[in-house]
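# sequence first, then the predicted structure, then my questions.
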Amino acid sequence: MATTNENIESTETEKTEAKGFSAFIRKTENASNQDHQKLFSAIPFIVFLVFLAIIQIANKHNAENKIRLIEKTEVELKELRWQYMSTKSELMQKSRQSEVAKILEPAGLYELRTPPQKIIIQESEHK
């Protein structure tokens, strides 16, 4: 019977003890002066840890933004590369001699069928 009473008492004390932040406050109120000094001596270290956590969060956010920017730039680069290649192939097609001749035919310009002739000027005629 004694064990039953002990179990009942232990469950009652657990119910009356608050959990979480309010329990922490009660424990600090009941703590001795030496415990308060230990707590206050740890505050700079806790502040330092919070500062490191904030820096880590900011660094991760910055890294994710840069990764998104890099991915966006890579997609844009691929699109521009395809545009360059298609424009270059079009230009190569239009700059062929046969294509230029077709384009200039309505203007009255035709390809030469005979090879060009070299003009020689003699110096005695030139003077």
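Sure thing, it's come through.

# assign a three-state SS to Glu111, would you?
Under DSSP: H, G, I helix; E, B strand; the rest coil, the three-state class of Glu111 is coil.

# Leu104 versus that one, what's the distance?
When distance is defined by Cβ to Cβ, to the nearest Å, Glu111 is 9 Å away from Leu104. Bear in mind the C-beta positions are built from the backbone N, C-alpha and C, glycine included.

# okay, now the unreliable bits of the protein?
For the chain, applying pLDDT under 70 flags the ranges 1-18, 28-31, 33-36, 125-127.

# mind doing that once more with 90?
Applying pLDDT under 90 to the chain flags the ranges 1-42, 94-95, 97-117, 119-127.

# quick test: name the residue nearest the centre of it.
With distances taken as Cα atoms, centre = their mean, the residue of the chain nearest its centroid is Ile67 (1.6 Å).

# give the contact list for that residue.
Taking Cβ atoms under 8 Å, 6 or more residues apart in numbering, we find Ile67 in contact with no residue.
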